[in-house]
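Asker: Any chance you can model this:
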Amino acid sequence: TRCTHSIIAHHHLDHHTCRGTTGTVIMGCCSDDAGDVRLDLKSIKPRRCTDALFVLIFAVFVIGMAVVCGWGVENGEPERLLNGHDSYGNICGSDNARRINDVNSGLDMTNYKHSYYTLSTDVGLRQLCVAACPTSYTTNAVTIQNLGLCLGVGMSPYAANNNPNISSEAQEPCPSFAYSTHIVGVTNRCFPNANTTLTRLATSQFNGAVEVEQAMADVYASITIIGWMCLISIISVFTFIALMRWCASPIVWTSIFLCFVFLCLCFGVFAYGSTQAKIKLDDKPKEERTKAEEANFSLLVFGVAFFGIVLLIYTCVVIAMRTRISKAIDIFEEAAVALWTMPTTFLCPFITAFFMILWIASCIAIILYVVTANTFNTKEPDGYISYVYTEDQKFLLWYMIFAVFWGTQLLLAMLEFTVASNTALWYLHNENPPGWPLKTSVWRIFRYHLGSLAFGSMIVAIIQLVRVILEFVEHQAKKAEVGDTMACLRKWIFNCIRCCLYCLEKCVKFINKNAYIQIAIWGTSFCTSCWNVFGLLRKHLALISVVNGVAYLIVFIIKLGVCVGVAFMTYIWVRTKPEIEFYALIVCIVFLLSLVLVDAFTDVYEVCAEAIMILVLEDHDKNSPGPFLMSERLGSFSMGAQKMGQQADGTANREFRKSSANGEAYVQESDT
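Answerer: Residues are numbered from 1 along each chain as shown. This is a model prediction of the structure:
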């Protein structure tokens, strides 16, 4: 035993000597690859700042956002969107400067706080600022004048407009009628009331504003229901993760079996449908068969072939990978143990959501200023104001859209790194991390690795920006494709590019997440961590694929079960309340909110499981033949044909730590 320990110690010294004299250059980044270093607290190098250049780049970018904000505050008018305006550029409820060459531009609208649209054909669609919204339908001329809906007549702040260069509708002083309206919340808009023939015309002009207002009222009346359903969703996720600690095996195999049953049902339904369609087609002469019947039969045959092939592949994969699936179950059990040992990890989604709301709200506020910093023009033939976007304004809007993407992706990267760092602390400290792991992980972000996270998140944000630009270009192309013979080809090209960008984003996110786990473990730079990820994928592709595939299946089952369950309970609840008309909307809101909540907490569980998988792989690769840092629960974790700690001749020399809260404790097994 003493000789063995001496050899191992000498082996460690050789590794440290190599670390000091070798280095590689990867993707233009200095690599401090930890390939020869043992995975333990004594051997891992002290952390240093990584990718500091991207901290500077992000800081400059944030300063640029501040400059954009200042420009927007100086030139923008967000109150135009918040308070409404009239057809002459006057903001309702404000004292205005003159914007266009019109007698009614630049009026003091301090006492006229509500925006109203005229809908009669004699004056056209004219937007006015009024002191009070009409509360009933009327055709009385005096009443219309007293409501302030005329130009130069009655209680109106507007002057008569006799400009011969504008249309007769724009010169007409009074509309022939006023319709019944009401104010919705703090919008200061006069929305048409429901249940009148005229309102249907008004509703078409307001793009369904009446239905929107009723839906908002139903949502407000259902706040209690929505709150309880969200709470039930969170409790359900916690319960499921707790069950994974003790019942991971039956849960995983049941999920796999349910997926198999679903594929069998789909195959059976299409097979039965194609058989019936074939019988109907055979009963008819060929000349009496319709194209619809033949197309339906072809679709059913395609469904039989598709689900048959998928079912066959799924069955073969499950049978071939059954051993690795069993080992993946050990990973999920270990992840559940880790999360319940460190319950503060579940605070990460709430903290991330809070700062993400702040970031998005700040960006939206800046966008409101930028989007209202238009130049003014008059449109023909009515002479009303027209808002024109400048090139600078368009550039700043794209800048802020990229800011939304980069900020949100950086926050998500921080979430993944924090969970991975907590898991690494738990693993390396024998399931008893010192202090408060969450505090340590957050400190590591801002002290050492903010640049690496900014680097990875910037790559994802660039891809997302390119996808949005592609959608914008396609939208602009559709406007010009009338009569264009190349429209079909252009649409096909756009769809291909869209698919490629979607796949690229998914791949980059997968690599980033595993790179963040590497950074959390070793403290390496982003490029080095990505290189290490490729090395792990090369050596353990089958196992990593199985773990990720099973994790995806489990997460999907959790999301489907919880979201559908709370949506069904919401449907039962709201149907007992006859005052709620848009009950389907309430069900959809609950489903989406529960999906967001479940996704946040299952992401924590998924990242924790992947972090443990990488820690186990690193433990096996760097600590063989032992002792290992993994617990006894993972002692039989298979790596191909050779088990953990098993020597090439088949003899076992395995040392695993026991699950202990008192410090490092090892168990040694030997059959020699």
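
Asker: drop to CA atoms for contacts and neighbour counts, all remaining ones
Answerer: Fine.

Asker: pLDDT below threshold where in the stretch 1-150 of the chain?
Answerer: By pLDDT under 70, the low-scoring segments of the stretch 1-150 of the chain are 1-43.

Asker: now do 80
Answerer: Scanning the stretch 1-150 of the chain for pLDDT under 80 picks out the ranges 1-45, 119-122, 124.

Asker: and if you look at the stretch 201-350 of the chain?
Answerer: For the stretch 201-350 of the chain (pLDDT under 80), the answer is 201-221, 245, 248, 286-293, 323-324, 327.

Asker: Going along the chain, name the helices of it.
Answerer: Using DSSP state H, counting those that start in this stretch, the helices of the stretch 201-350 of the chain run over residues 209-221, 223-282, 291-320, 322-341, 347-371.

Asker: can I get those in TSV with mean neighbour count?
Answerer: Compiled in TSV, the helices of the stretch 201-350 of the chain are given as follows (neighbours: other CA atoms under 10 Å):
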stretch	mean neighbour count
helix 209-221	16
helix 223-282	17
helix 291-320	15
helix 322-341	21
helix 347-371	17
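
Asker: With distance to residue 554 added, can I get those helices in a markdown table?
Answerer: Putting the helices of the stretch 201-350 of the chain into a markdown table (distance: least, CA to CA, whole Å) gives the following:
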| stretch | distance to residue 554 |
| --- | --- |
| helix 209-221 | 32 |
| helix 223-282 | 7 |
| helix 291-320 | 15 |
| helix 322-341 | 10 |
| helix 347-371 | 19 |
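
Asker: Indicate which one of the ones you listed is closest to residue 597.
Answerer: Residue 597 lies closest, by CA to CA, to one member of those: helix 223-282, at 6.8 Å.

Asker: to the chain's geometric centre, what's the distance from the closest one?
Answerer: Chain-centre distance of helix 223-282: 23 Å, with CA atoms, centre = their mean, to the nearest Å.

Asker: how far off helix 322-341 does that helix point, in degrees?
Answerer: 170 degrees (axes from the mean of the first three to the mean of the last three CA atoms, to 10 degrees).

Asker: residues making contact with stretch 599-606?
Answerer: Around stretch 599-606, the neighbours that count as contacts under CA atoms under 8 Å, 6 or more residues apart in numbering are 237, 241, 335-336, 339, 345-346, 349, 416, 419, 551, 555, 559.

Asker: Pick the one among those closest to residue 273.
Answerer: Proximity of the contacts of stretch 599-606 to residue 273 (CA to CA) peaks at residue 559, which lies at 30.3 Å.

Asker: Residue 593 is in contact with that closest one, correct?
Answerer: No - with contact defined as CA atoms under 8 Å, residue 559 does not reach residue 593; the gap is 11.4 Å.

Asker: who's more crowded, the two?
Answerer: When residue 559 and residue 593 are compared for neighbours, residue 559 comes out ahead with 22 against 18, by other CA atoms under 10 Å.

Asker: okay, the angle between whichever strand or helix holds the more buried one and helix 291-320?
Answerer: Using DSSP states H and E, residue 559 falls within helix 526-574. Relative orientation of helix 526-574 versus helix 291-320 (the same axes, to 10 degrees): 120 degrees.

Asker: which secondary structure elements does helix 526-574 contact?
Answerer: Using 3 or more CA pairs under 8 Å, 6 or more residues apart in numbering; DSSP states H and E as the contact criterion, the elements in contact with helix 526-574 are strand 24-26, strand 29-31, helix 223-282, helix 322-341, helix 450-479, helix 487-522, helix 583-623.

Asker: Can you name the residues that contact the nearest residue to residue 225 once chain neighbours are set aside?
Answerer: In space, and not counting its chain neighbours, residue 225 is closest to residue 570: 7.2 Å by CA to CA, 6 or more residues apart in numbering. Counting by CA under 8 Å, 6+ apart, residue 570 makes contact with 225-226, 229, 586-587, 590.

Asker: Check residue 72 too.
Answerer: If you count contacts by CA under 8 Å, 6+ apart, residue 72 has them with 366, 369-370, 373.

Asker: re the thing from before, tell me the spacing between the residue nearest to residue 225 and residue 150.
Answerer: For residue 570, the distance to residue 150 equals 49 Å [CA to CA, to the nearest Å].

Asker: same deal with residue 529?
Answerer: Note on residue 529: its distance to residue 150, by CA to CA, is 70 Å.

Asker: ok, these two, which is more surrounded?
Answerer: Taking neighbours as other CA under 10 Å, residue 529 and residue 150 compare with residue 529 leading, 28 against 24.

Asker: how many neighbours does the closest residue to the more buried one other than its chain neighbours have?
Answerer: Of all residues not flanking residue 529 in the chain, residue 515 sits nearest, at 4.9 Å (CA to CA, 6+ apart). Residue 515 has 27 neighbouring residues, counting by other CA under 10 Å.

Asker: just residue 133 next, same as before
Answerer: The tally of other residues near residue 133 (other CA under 10 Å) stands at 24.

Asker: cool, residue 284 as well?
Answerer: By the measure other CA under 10 Å, the count of residues near residue 284 is 11.

Asker: Over to the one 3 residues further on?
Answerer: By other CA under 10 Å, the residues close to residue 287 number 6.

Asker: how close does it sit to residue 590?
Answerer: For residue 287 relative to residue 590 (CA to CA), the value is 52 Å.

Asker: nearest spatial neighbour of residue 249, skipping sequence neighbours?
Answerer: Of all residues not flanking residue 249 in the chain, residue 329 sits nearest, at 6.0 Å (CA to CA, 6+ apart).

Asker: is it true that residue 158 touches residue 130?
Answerer: No - using CA under 8 Å, residue 158 is not in contact with residue 130, being 10.2 Å away.

Asker: Looking at these two, which one has more neighbours?
Answerer: Counted by other CA under 10 Å, residue 158 and residue 130 do not tie: residue 130 has more neighbours, with 25 against 20.

Asker: tell me the contacts of the more buried one?
Answerer: Neighbouring residues of residue 130 by CA under 8 Å, 6+ apart: 112-116, 147-149, 156.

Asker: Adding secondary structure and neighbour count, write these out as a markdown table.
Answerer: Below are those laid out as a markdown table (DSSP: H, G, I helix; E, B strand; the rest coil; neighbours: other CA atoms under 10 Å):
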| residue | secondary structure | neighbour count |
| --- | --- | --- |
| 112 | coil | 19 |
| 113 | coil | 21 |
| 114 | strand | 24 |
| 115 | strand | 25 |
| 116 | strand | 26 |
| 147 | coil | 18 |
| 148 | coil | 24 |
| 149 | coil | 30 |
| 156 | coil | 21 |
